[in-house]
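K.L.:
Quick one, what's the 3D model for this:
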Amino acid sequence: MKKLLMLSALAMVVSAPVMAEGWGKGEGKGKGPRHGDPEKMIEMMFNQHDSDNDGAISKAEFLQNAEKRFVEIDADKDGNITKEEAKAHAVQKREQMKEKFEKMKKSREESKSSDGDKE
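P.N.:
As a prediction, this is how the structure comes out:
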């Protein structure tokens, strides 16, 4: 049990840089679940963890997600997460989020330009 709690704490710590990326910065300030709206953040958390959709996150549901993250971060699958693996995972997730936001930004710009053509 202690190992699972440590695993959960580690998963939260490792994912924090990804979650914090972009908070209150740039063009999207105040938009989306990761820009400071507590209601959206809570909704996102429940969508991710409440697998039986009963309106509550059980300890088992929370730890199940932590287990998935641990497996994802443990690159060499030796049952341990090194600082190097944690850093590499955080960098990878940050890059994935940047790519996702760039695609969204490009799509928004294309939508604006096509709307401008209609006027």
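
K.L.:
What helix or strand is the closest residue to Glu72 other than its chain neighbours located in?
P.N.:
Ranked by CB to CB, 6 or more residues apart in numbering and with sequence neighbours excluded, the top spatial neighbour of Glu72 is His89, at 7.0 Å. No exception for glycine: its C-beta is placed from N, CA and C like everyone else's. According to DSSP states H and E, His89 maps onto helix 83-118.

K.L.:
what helices or strands is that helix leaning on?
P.N.:
helix 2-20, helix 59-73 (3 or more CB pairs under 8 Å, 6 or more residues apart in numbering; DSSP states H and E).

K.L.:
among those helices, which gets the worst mean confidence?
P.N.:
Among the helices and strands packed on helix 83-118, helix 2-20 has the lowest mean pLDDT, at a mean of 57.

K.L.:
so after that helix, what's the next helix or strand?
P.N.:
Next along from helix 2-20, by DSSP H and E: helix 38-49.

K.L.:
thinking again about what came up before, from Ala75, how far out is the residue nearest to Glu72?
P.N.:
7 Å (CB to CB, to the nearest Å).

K.L.:
more neighbours, the two?
P.N.:
Shown here are His89 and Ala75; by other CB atoms under 10 Å, His89 has more neighbours (20 against 14).

K.L.:
low-confidence ranges in this protein?
P.N.:
1-35, 115-119 (pLDDT under 70).

K.L.:
Distance-wise, check Asp74 relative to Ser113.
P.N.:
Per CB to CB, Asp74 is found 44 Å from Ser113.

K.L.:
which of these two has more neighbours?
P.N.:
Set Asp74 next to Ser113 and count neighbours by other CB under 10 Å: Asp74 wins out with 16 against 9.
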